[in-house]
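Enquirer: Build me a model:
(one chain, ligands or ions: 2)
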Amino acid sequence: MLLGVIADDFTGAGDIANTLAKGSPGGDGGLKVMQYMGVPSGSADPEIEAGVISLKTRTIPAAEAVTTSLAALSWLLAQGCRQIIFKYCSTFDSTPEGNIGPVAEALADVLNVRGVIACPAFPTMGRTVHQGHLFVGDRLLSESGMRNHPLTPMTDPDLRRWLGRQSRDPVGLVATGTVRKGPDAVRAALNAAAERGETLVIADAATDDDLITLGQAAADARLITGGSGIAIGLAANFIARGLASGSAPGTGAVSGPGVVLAGSCSGATLGQVERHAADHPSMAVSPEDVMSGSVGVDDIMAFFRANAGNAPLVYSSGSPEEVTAAQNRFGREKLSNRLESLFADAARAAADAGFSRIVVAGGETSGAVALRLGAGPLRIGAEIDTGVPILYGTERPVALALKSGNFGGPDFFVKALKALAGGAESAG
Ligand SMILES: Nc1ncnc2c1ncn2[C@@H]1O[C@H](COP(=O)(O)OP(=O)(O)OP(=O)(O)O)[C@@H](O)[C@H]1O
Ligand SMILES: O=C(O)[C@@H](O)C(=O)CO
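Expert: Ligands and ions are numbered 1, 2, ... in the order given. Below you'll find the predicted structure:
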C-alpha cells in the first residue's frame, strides 16, 4: 500500500476513494483502491495501492476522534503507506472544539511533520478557497446552507480563524499568488510556515489545476489534509515514479431489488427526496415517530416489502426549521443517534431480506448503515455522480451508493439504483 487515507465520514471516504481510483484528469489512470469500514484488524490485500479507512469521527468528542484516527494511522503505516491523507469535508464540517484541528495536529505529531497542507477545495462541486476563505458557489460558506447544518453549523468562512480555534499551533496560509507560481513556490512557503511553527497551513485552490499544483508540491509530503480535491494529482505522482501502473475503477452489477434511505437534511437531499417521492413510494419518518417508538424497523420492512421493485424511499429529512425544533425538543445527539440506528437496522434487515442495492443519503447516516451492514471492505466501482462511486461489498453481495448530503443531481436516487444494477433500464 502506497497511500493511506483516514476519512472522517463514510461518504467522504467514498468520495476520495473515487478520486484516487479515477486518477488525475487526462492522466494515466488511478490507483487500486479499497474502502475499509473502520480500522481493519487483519492485513490488507497486497494488491491494494490506496487504502481508505472510513471513520465516523466528524462529530464525536475530539479526544475520541484523535484516538481512533491514530489507530487508523498505525494500521496504514503497518501496511507500508508512504503518504497519509486526512480527509474531511469540502465544507470543512467541524465545530470550534474540533475535530479537524485536533486530529490533524495529532497525526502531524506522530509523523513528525509541520507545514501540512489543509485544503478543502473541491471546485467541481463549487467549493473554492480564496485568501483562506471558503466559498460554496458564489457565496461565502457562512452564507450557504451549511450555516443550518444539524450537527456542524458553519458560521465562519475564514478557515484560518475557524481552524485556529480548534488548533494548538498557529495556522498558516499559502494564498493563490503563491500557488499559481507552481509547486516549488508552494513547497518553499510550506517550509517557511513550518519554520514559524505553523503545523497546519490553509492552501488556496480555485481550480483543479491549483489542486494539481498542490499535489505536485506534496509529492514527498508524509501528511496532507483536505477534501477529496486534494487527491486529484496524487495518483499521478505514484504512477510517474513507476510505483503504480495506473488502473481503472472496478465493474460489477447486483440484481436484487433496491431501497433508498435518506437521513440527510442538506439542500440537495431535500430536492432529491421531493423529486423521488413525486413518482415512487415513499415513507416519511418523523423525529416524533422515532423518539416515541411508534415507527420501527418492522414498519419500514413492511413498507419495503409492499413496494419491492418500485424503488421505495424512507426519509427523515426535514427543513432547517423542522430540524431545529426537533433538536430543541429531543436533544441533538439523542435524536441523531436514534434516527441513525433506525436507518442502520432497516438497511441491515433489508439486505438480509434480499434487497441488495442500497442507496443512502447523508454522511452520518451512511456511516451508521455501512457499519451495520457487515458487507466487508468495499471495492470501488464507476462514479455515479460527482464524488459518489458505486461500492461493492466483498463479504456480502450488495452494491451501495453512499451519497454526501449536498452531492448528486435532482434524480440521483433513480440514477444510483440503475447504476448499482449495472446500468439497468428501470430503477426498481
Ligand atoms: N428531521 C430531522 N431532524 C433532526 N435531525 C435529523 C432529521 N433527520 C435526520 N437528522 C439527523 O441529522 C444528521 C444528518 O447528518 P448526515 O451526515 O446523515 O447528513 P448530511 O450532513 O446532509 O450529509 P453530509 O455529512 O454527507 O454532508 C443525522 O445525524 C440524522 O440522523
Ligand atoms: O467533501 C465532501 O463534500 C464530501 O466528501 C463529504 O465529506 C461530505 O460529508
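
Enquirer: and the closest residue to ligand 1 within the stretch 1-150 of the chain, helix, strand or coil?
Expert: Across the stretch 1-150 of the chain, the shortest distance to ligand 1 (C-beta to the nearest ligand atom) belongs to Pro150, at 4.0 Å. The way it works is simple: take the backbone N, C-alpha and C, and place the C-beta from them, glycine included. Here Pro150 is recorded as coil under DSSP: H, G, I helix; E, B strand; the rest coil.

Enquirer: Longest helix in this structure, by number of residues?
Expert: helix 332-352 (DSSP state H).

Enquirer: so who does the residue in the chain that ligand 2 sits nearest to touch?
Expert: Closest contact between the chain and ligand 2, by C-beta to the nearest ligand atom, is at Gly12 (2.7 Å). Neighbour list for Gly12: 87-89, 227-228, 363, 404 [criterion: C-beta atoms under 8 Å, 6 or more residues apart in numbering].

Enquirer: Does the helix or strand where it lies reach ligand 1?
Expert: Remark: Gly12 resides in helix 10-22, with elements defined by DSSP states H and E. Yes. Contact between helix 10-22 and ligand 1, assessed by C-beta under 6 Å from any ligand atom, occurs at Thr11.

Enquirer: pLDDT averaged over that helix - what is it?
Expert: The average of the pLDDT scores along helix 10-22 is 97.

Enquirer: I'd like the distance from that helix to the chain centre, please.
Expert: 7 Å (C-alpha atoms, centre = their mean, to the nearest Å).

Enquirer: what's the angle from the following helix or strand past it to helix 10-22?
Expert: Downstream of helix 10-22, the next assigned helix or strand under DSSP H and E is strand 33-37. When axes from the mean of the first three to the mean of the last three C-alpha atoms, to 10 degrees is applied, the directions of strand 33-37 and helix 10-22 differ by 170 degrees.

Enquirer: And for strand 33-37, what's in contact with it?
Expert: Strand 33-37 is contacted from outside by 10, 13-14, 17, 20-21, 44-45, 48-54, 370-371, 375-380, 391, using C-beta under 8 Å, 6+ apart.

Enquirer: Which of those are buried, as a PyMOL select command?
Expert: This is how PyMOL selects the buried members of these, with burial counted by 16 or more other C-beta atoms under 10 Å:
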select buried, resi 10+13+14+17+20+21+44+48+49+50+51+52+53+54+370+371+375+376+377+378+379+380+391
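
Enquirer: Which of the contacts of strand 33-37 fall in strands?
Expert: Residues of the contacts of strand 33-37 located in strands (DSSP state E): 50-54, 378-380, 391.

Enquirer: picking that back up, torsion angles phi and psi at the nearest residue to the residue of the stretch 1-150 of the chain closest to ligand 1 once chain neighbours are set aside?
Expert: Residue nearest to Pro150 in three dimensions, not counting chain neighbours: Val323, with 5.0 Å by C-beta to C-beta, 6 or more residues apart in numbering. Backbone torsions of Val323, given as degrees, to the nearest 10, read phi -60, psi -50.

Enquirer: Quick check: Val323 touching Cys265?
Expert: Yes. At 5.2 Å, Val323 and Cys265 qualify as touching, with contact defined as C-beta atoms under 8 Å.

Enquirer: joint contacts of these two?
Expert: In contact with both Val323 and Cys265: Pro150, using C-beta under 8 Å, 6+ apart.

Enquirer: More neighbours: the two, which one.
Expert: The neighbour comparison of Val323 against Cys265 (other C-beta atoms under 10 Å) goes to Cys265, with 25 against 20.

Enquirer: ok so, going back, quick one: buried residues of the longest helix of the chain?
Expert: Neighbour-count burial for helix 332-352 [16+ other C-beta under 10 Å]: 335-336, 338-340, 342-351.

Enquirer: And for stretch 273-288?
Expert: For stretch 273-288, a neighbour-count test (16+ other C-beta under 10 Å) marks 273, 275-277, 280-283, 285, 287 as buried.

Enquirer: ok, back up a step: within reach of ligand 1, which of the buried residues of helix 332-352 are there?
Expert: Among these, the ones lying near ligand 1 by C-beta under 6 Å from any ligand atom are 335-336, 339-340.

Enquirer: For stretch 217-231, measure first residue to last.
Expert: 12 Å (C-alpha to C-alpha, to the nearest Å).

Enquirer: Report whether that stretch contacts ligand 1.
Expert: No. Against ligand 1, stretch 217-231 shows no contacts by C-beta under 6 Å from any ligand atom, the least distance being 11.5 Å.

Enquirer: Figure out how far that stretch is from the centre of its chain.
Expert: On C-alpha atoms, centre = their mean, the centre of stretch 217-231 falls 16 Å from that of its chain.

Enquirer: coming back round to it: with secondary structure, pLDDT and distance to ligand 2 added, can I get the buried residues of stretch 273-288 in CSV?
Expert: Formatted as CSV, the buried residues of stretch 273-288 follow (DSSP: H, G, I helix; E, B strand; the rest coil; pLDDT from 0 to 100; distance: C-beta to the nearest ligand atom, whole Å):
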residue, secondary structure, pLDDT, distance to ligand 2
Val273, helix, 98, 17
Arg275, helix, 98, 20
His276, helix, 98, 20
Ala277, helix, 98, 23
His280, coil, 98, 25
Pro281, coil, 98, 27
Ser282, strand, 98, 23
Met283, strand, 98, 24
Val285, coil, 97, 21
Pro287, helix, 97, 21
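
Enquirer: got a winner among the contacts of Gly12 for most neighbours?
Expert: Gly363 leads those on contacts (other C-beta under 10 Å) with 33 neighbours.

Enquirer: Relative to ligand 1, how far out is that one?
Expert: 3 Å (C-beta to the nearest ligand atom, to the nearest Å).

Enquirer: Please give me every residue in contact with the nearest residue to that residue once chain neighbours are set aside.
Expert: Computed as C-beta to C-beta, 6+ apart, the closest residue to Gly363 that is not its neighbour in sequence is Asp9, at 3.8 Å. By C-beta under 8 Å, 6+ apart, the contact list for Asp9 reads 54-58, 89, 363-364, 366-367.

Enquirer: hmm, 7 Å instead?
Expert: If you count contacts by C-beta atoms under 7 Å, 6 or more residues apart in numbering, Asp9 has them with 56, 58, 363-364, 367.

Enquirer: Now flag whichever of these is closest to Leu77.
Expert: For the contacts of Asp9, the residue nearest Leu77 by C-beta to C-beta is Lys56; the value is 21.5 Å.

Enquirer: out of everything not next to it in sequence, what's closest to the closest one?
Expert: Distances taken as C-beta to C-beta, 6+ apart place Gly367 nearest to Lys56, at 3.9 Å, with adjacent residues excluded.
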